[in-house]
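Q: Model the following, please.
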Amino acid sequence: MMIRKLRLLFRVLIIAILMQFGTVIVVVGKPQVPCNFIFGDSFVDPGNNNLLLTLAKANYAPYGIDFPQGVTGRATNGFTIADFIARLLGFVNFIPPYATATNAQIARGVNYGSAGSGIQDQTGSNLGMVLSLRNQLIRHAAIVARLTLLQRNITFTKQYLKQCVYVVDSGTNDYFAYFTPGINSTYTPDQFAAYLINQYSNRLKFLYQLGARKIAVFGLGLIGCSPAEITLLGTNGAPCVEPLNNAVKLFNDRLKPLVDTLNSELNNARFTFINISNFYAAPDVSGLSKVPCCTLLPNGLCVPNSTPCPNRNLTFYYDGFHPTEIVNRFHASRSYNAASPMDASPYDISHLAQLN
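A: Model prediction:
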C-alpha cells in the first residue's frame, strides 16, 4: 500500500513539474472524464469543414506540417488547443470530428468545431456553408440521441454526460464580421457585446439542457493583433487594431458574469470562464515573432503548398489568424492549470474535470 502511494505521489510530482514548464502530458490509462465534447470555430475545427461547400478550409499543405497525420483541416501547423486539452484530460486518441465520428467513437466525445462559424447563425455565411454554434448544438442533440440508443439506458446516459468536459470557443468570427469594412452595423460596440452575450446565453443553456454540466467557456483573445486584421483595418501606429481589441474586451467583461449567472440559476451547473486574453502577455509567448509563418492569401490563409517558416517554435501566428502549435500548447496548459486567478474563474479545466 505504501509503495503504491509513493508511486502515485511521484507521478503527480512529475506532472506538476512538467506542467510548470508548459509541457503537455499524455496520460496513459483511463482518462479523467469519460468524454470530451468540443464546440467552436477554426481554433478547434479538426476537419469538419472539409466536407462542406465553403471557403473556410485548411485541408491543404502547409497546414498540418507538424501534425502526426499530416493535413487534416486543422488551421495550424500541428495540434489545436482542443487537441492539447484532450491530451491533458487523458485522452490518447484525438476526439473525432463530427463529420466522420462512428458509433464506436462517440462515447468518448465529438468535436463539432467549424471554421468561419460564430455565435450568430449568419456569421460565416459569406464563405459558404459553415456550422454555426446553434447548428453544432443541434448535431450534438442527435449524437446524444445516438448515444442513448447505444447505451440502452437513458438514466445511465444522462449521468454519463454530466461527467464529461465540454469546451466552447466561439465569437471570434462574429467580431471579424462586425468590423468588416463597408458593414454598417446598427449596434455600438457596447450594444453588440450585450446582444452577442444574450445569444451566447441561449446557446449555453441549450447545451445544459442536452445534459452538459462541466462546461469551459473560452473568452476571446486579442484578435486585433492578428496579422490579417492589422492588414485589413490598419492600426494608426499602434501595435494592434485597438478598436477591435477594445470591443472584444466589452464582450469578455460580460462573459464572466454570464458564467456566474448560469452557475447560480441552473441546477448543478459547473460553467467556468477561461480568460485566454490574459495569456498573451506571458513571457512564454509574448516574445515570439508576430510575422505569419506562411505566405498569406488575401483572405489571411496560407498560400497552398507554400513553404512555411523553418522556426515554427519561434512564431506566434501560423497564418493571418491562427496560432502555431507551440502557442496552442501554452494556451491549453494555462487553461488546464491556471497560473493566476485571472486565468480562469471559478476554476481551471483540471479542477473542472474533478468536480462531481
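Q: Residue 284 is in contact with residue 329, isn't it?
A: No: counting by C-beta atoms under 8 Å, residue 329 is not a contact partner of residue 284; they are 9.4 Å apart. Using the backbone N, CA and C atoms, a C-beta is placed for each residue, glycine as well.
Q: okay, these two: which has more neighbours?
A: In terms of neighbours (other C-beta atoms under 10 Å), residue 329 is the more surrounded of residue 284 and residue 329; the figures are 23 against 17.
Q: That one in helix, strand or coil?
A: Using DSSP: H, G, I helix; E, B strand; the rest coil, the three-state assignment for residue 329 comes out as helix.
Q: Confirm for me that it is in contact with residue 76.
A: No: the pair formed by residue 329 and residue 76 falls short of the contact definition of C-beta under 8 Å, at 10.5 Å.
Q: what kind of secondary structure is the residue lying closest to residue 183 once chain neighbours are set aside in?
A: The shortest distance from residue 183 to any residue that is not its chain neighbour, by C-beta to C-beta, 6 or more residues apart in numbering, is 7.0 Å, and that residue is residue 177. Local secondary structure at residue 177 is given as helix here, using three-state DSSP.
Q: how many other residues sit next to residue 177?
A: Taking other C-beta under 10 Å as the neighbour definition, residue 177 ends up with a count of 18.
Q: So which residues of the stretch 101-250 of the chain form strands?
A: When assigned using DSSP state E, counting those that start in this stretch, the strands of the stretch 101-250 of the chain occupy the ranges 165-169, 214-218.
Q: okay, those, which one's buried deepest?
A: Using mean count of other C-beta atoms under 10 Å, the stretch among the strands of the stretch 101-250 of the chain with the largest mean neighbour count is strand 165-169, at a mean of 27.
Q: just the CA coordinates of that one, formatted as CSV?
A: Coordinates of each C-alpha in strand 165-169 appear next as CSV, following Å, rounded to 0.1, in the frame of the first residue of the first chain:
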residue,chain,number,x,y,z
VAL,A,165,-16.0,18.1,-20.0
TYR,A,166,-17.4,20.4,-22.7
VAL,A,167,-15.2,23.1,-24.4
VAL,A,168,-16.9,26.0,-26.1
ASP,A,169,-14.8,28.5,-28.0
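Q: Partner strands of that strand and their direction?
A: When pairs are called by DSSP bridges, strand 165-169 turns out to pair with strand 36-40 (parallel), strand 214-218 (parallel).
Q: Turn those strands into TSV, columns for mean pLDDT and distance to residue 67.
A: What follows is the strands paired with strand 165-169, written out as TSV (pLDDT from 0 to 100; distance: least, C-beta to C-beta, whole Å):
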stretch	mean pLDDT	distance to residue 67
strand 36-40	99	17
strand 214-218	99	22
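Q: okay if I get those as CSV plus distance to residue 50?
A: Below are the strands paired with strand 165-169 laid out as CSV (distance: least, C-beta to C-beta, whole Å):
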stretch, distance to residue 50
strand 36-40, 16
strand 214-218, 23
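Q: ok so, going back, can you list the strands of the stretch 101-250 of the chain in TSV and add distance to residue 61?
A: Output for the strands of the stretch 101-250 of the chain, formatted as TSV (distance: least, C-beta to C-beta, whole Å):
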stretch	distance to residue 61
strand 165-169	25
strand 214-218	28
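Q: Ok, which of those comes nearest residue 303?
A: Taking C-beta to C-beta as the measure, these were each checked against residue 303, and strand 165-169 came out nearest at 26.3 Å.
Q: now that closest one, how far from the centre of its chain.
A: The chain centre lies 7 Å from the centre of strand 165-169; the measure is C-alpha atoms, centre = their mean, to the nearest Å.
Q: With stretch 247-259 instead?
A: With C-alpha atoms, centre = their mean, you get 16 Å for stretch 247-259.
Q: Show me which positions of that stretch end up buried.
A: When burial is assessed from 16 or more other C-beta atoms under 10 Å, stretch 247-259 yields the following buried residues: 247-252, 254-256, 258-259.
Q: ok, then the element right after the helix ranked longest in the chain?
A: When the chain is scanned for its longest helix (criterion: DSSP state H), the result is helix 242-265. Where DSSP states H and E defines the elements, the next helix or strand beyond helix 242-265 is strand 270-274.
Q: strands paired with that following strand, and their directions?
A: Sheet neighbours of strand 270-274, with direction, are listed as strand 214-218 (parallel), strand 344-345 (antiparallel) (DSSP bridges).
Q: what angle do it and helix 242-265 make?
A: 160 degrees (axes from the mean of the first three to the mean of the last three C-alpha atoms, to 10 degrees).
Q: picking that back up, could the buried residues of stretch 247-259 be laid out in JSON lines, adding distance to residue 289 and pLDDT?
A: Rendered in JSON lines, the data for those read as follows (distance: C-beta to C-beta, whole Å; pLDDT from 0 to 100):
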{"residue": "247", "distance to residue 289": "26", "pLDDT": "98"}
{"residue": "248", "distance to residue 289": "23", "pLDDT": "98"}
{"residue": "249", "distance to residue 289": "25", "pLDDT": "98"}
{"residue": "250", "distance to residue 289": "29", "pLDDT": "99"}
{"residue": "251", "distance to residue 289": "28", "pLDDT": "99"}
{"residue": "252", "distance to residue 289": "26", "pLDDT": "99"}
{"residue": "254", "distance to residue 289": "33", "pLDDT": "99"}
{"residue": "255", "distance to residue 289": "30", "pLDDT": "99"}
{"residue": "256", "distance to residue 289": "31", "pLDDT": "98"}
{"residue": "258", "distance to residue 289": "35", "pLDDT": "99"}
{"residue": "259", "distance to residue 289": "34", "pLDDT": "99"}
